[in-house]
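Peer 1: Okay, structure incoming, though there's no sequence with it:
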């Protein structure tokens, strides 16, 4: 115990306190839709009401799952390659993001960067050897150790293969899986012995009596003598995803939908609980049980978190981010009404994204467009079912044209005019989708390429479409390496710019000769003469994925979860992200008044009521 306190002090010293984000009227808020995939979950070893869920970042509950809150202050990215609750000091957390290490000594309230272990290797596993007060990091290039709270690291000279898994027993024995083999050290890593397991090991856990459970290609094995001998547990009869220890001689295993337990005295696997019926959204990704209360079980699933107490599973998702949303469109005539595309469906809000209702549509990641005059008329481009239309706010859908539809846009000045990109051509409808014609003059089919359901925010041969707000015949089309323009409704297209993958195009509503293009890592480009010439307009190194524009403001969303605003045509950019979870921003959509902004992200849909306030630090055009 004395050593653990010293270890905690080492972590605490030098910690830089981070400031909390500003609160106020100008702030992003999110209420879903739905809940995102939770990839794993961990329980505090001393307090069963405390757990950590991993989704778009790390979220913490202190009330047994009744509510969750983000604890990502100071973390640069929302996904972790390894995470550790330090045994004996559960308020001390260690997070690995790629090859960088971050430390929190207050249960995740603040994080401090400890730098990189090895810039050429990613961290894959973390463990803590309480006997020697040593932090262990398994990387793709080997094992590293730290005795000063992750300030400095020493490469282990005995292990040179990538380390996939680490387990530190209470008796000071350390086990690692490296290069598909199991190794053991009884001198805190100074020397290692290869242990023959007969079967290739994948994962392992140590229980409170220093027994080692090994998950192998042939099933589950256990050793009670530091790996000298192994015995195979009875064949589970199900596909084991991972193992979770409980008290001595008691271990849980879970499949995609069910939990099983093994007790030494029973010498067999017994059914413990079923989460659902195996339906994909509830598929288990992780399981956590606190030694403080083994009757409380947390499950990480494809549909959020479930908590089991009193032999009953309860959905526990309050405060967790929403489902992956890849598109959002606000209805021009009613800003409180918006439609969003998620992993499973199209959803609708009628109250500025405070609540969401499902529509009668179920397909992965469609691209959306809404009529400029009728908020109940919605279009969806899908890979398999072609272009669909709903005239009753999503209650029913009809196919207006078959094919693999990737992208579409409705003319703001003429609701009957629709442009759509398919897997092999651009087409146009002049009658609300009833009839279609190809408009490929000047465009090359060689630039078209196939796309799949996992392309998320991407499209096919056409990556962006922008229609002049007052002229349905003037259209800009983004392709993988160029921008084309038509002024005669698509009868002929001419190239107006050469630039890599154009992800978004917007036209200034106050001057239709001004057009902005988002070109990935090259940032934003701008033309003020209808496409004849283009200049850089900032955010060059920001991987811009989407744009939205009003008569006064230009907004940009990025791949790494930032949103920026410019009020001077891209000369200066200001961070515009209070309240935003740092996740891929797929789409921005703003209403005609410019006061209601929506963002579709990998952490759900966010809404912002734009009320100008004190300006923030600016990012100059570069």
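Peer 2: Thanks, I have it. None of the values given here were measured: they were computed from a predicted structure.
Peer 1: Let me know the helix or strand that the closest residue to residue 107 other than its chain neighbours is in.
Peer 2: The shortest distance from residue 107 to any non-neighbouring residue, by Cβ to Cβ, 6 or more residues apart in numbering, is to residue 91 (4.6 Å). (Glycine included, C-beta is placed from N, CA and C.) Residue 91 belongs to no helix or strand when elements are defined using DSSP states H and E.
Peer 1: for the one 3 residues further on, same thing?
Peer 2: Take DSSP H and E as the rule and residue 94 turns out to sit in strand 93-97.
Peer 1: likewise residue 229?
Peer 2: Assigning secondary structure by DSSP H and E places residue 229 outside every helix and strand.
Peer 1: which residues are contacting the strand holding residue 94?
Peer 2: Strand 93-97 is contacted by residues 52, 58, 75-77, 79-86, 101-104, 107-108, 111, 122-123, 126, 128, 135, 137, 150 when judged by Cβ atoms under 8 Å, 6 or more residues apart in numbering.
Peer 1: What's the PyMOL line that selects buried ones from the residues you listed?
Peer 2: In PyMOL, selecting the buried portion of the contacts of strand 93-97, with burial taken from 16 or more other Cβ atoms under 10 Å, looks like this:
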select buried, resi 52+58+75+80+81+82+83+84+85+86+101+102+103+104+107+108+111+122+123+126+128+135+137+150
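Peer 1: In strands, which of the contacts of strand 93-97 fall?
Peer 2: 52, 58, 82-85, 101-104, 123, 126, 128, 135, 137 (DSSP state E).
Peer 1: who touches residue 462 in this structure?
Peer 2: With contact set as Cβ under 8 Å, 6+ apart, residue 462 has these partners: 406, 407, 421, 426, 477, 478, 479.
Peer 1: Closest one to residue 368 out of these, please.
Peer 2: residue 407 (10.2 Å; Cβ to Cβ).
Peer 1: Can you list the helices and strands that the helix or strand hosting the closest one packs against?
Peer 2: When secondary structure is defined using DSSP H and E, the element that contains residue 407 is strand 405-410. Using 3 or more Cβ pairs under 8 Å, 6 or more residues apart in numbering; DSSP states H and E as the contact criterion, the neighbours of strand 405-410 among helices and strands are strand 367-370, strand 378-381, strand 418-422, strand 464-467.
Peer 1: Would you mind giving the ones you listed as TSV with mean neighbour count and mean pLDDT added?
Peer 2: Compiled in TSV, those are given as follows (neighbours: other Cβ atoms under 10 Å; pLDDT from 0 to 100):
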stretch	mean neighbour count	mean pLDDT
strand 367-370	23	95
strand 378-381	26	94
strand 418-422	26	94
strand 464-467	22	96
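Peer 1: got these as JSON lines, with distance to residue 493 columns?
Peer 2: Conversion of these to JSON lines gives the following (distance: least, Cβ to Cβ, whole Å):
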{"stretch": "strand 367-370", "distance to residue 493": "20"}
{"stretch": "strand 378-381", "distance to residue 493": "20"}
{"stretch": "strand 418-422", "distance to residue 493": "11"}
{"stretch": "strand 464-467", "distance to residue 493": "12"}
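Peer 1: between those strands, which gets nearest to residue 565?
Peer 2: Proximity to residue 565 (Cβ to Cβ) singles out strand 464-467 among those, at 19.1 Å.
Peer 1: roughly how far is that closest one from the heart of the chain?
Peer 2: Computed by Cα atoms, centre = their mean, to the nearest Å, the chain-centroid distance of strand 464-467 equals 27 Å.
Peer 1: List the strands paired with that strand, with their directions.
Peer 2: Strands adjacent to strand 464-467 in the sheet, as given by DSSP bridges, are strand 475-478 (antiparallel).
Peer 1: quick one on the thing from earlier: quick one: the strand holding residue 94 to chain centroid distance?
Peer 2: Between the centre of strand 93-97 and the centre of its host chain there is 17 Å, according to Cα atoms, centre = their mean.
Peer 1: The strand holding residue 407 to strand 418-422, inter-axis angle?
Peer 2: Orientation of strand 405-410 against strand 418-422 (axes from the mean of the first three to the mean of the last three Cα atoms, to 10 degrees) gives an angle of 170 degrees.
Peer 1: Quick one: mean pLDDT over strand 405-410.
Peer 2: Averaged across strand 405-410, the pLDDT comes to 92.
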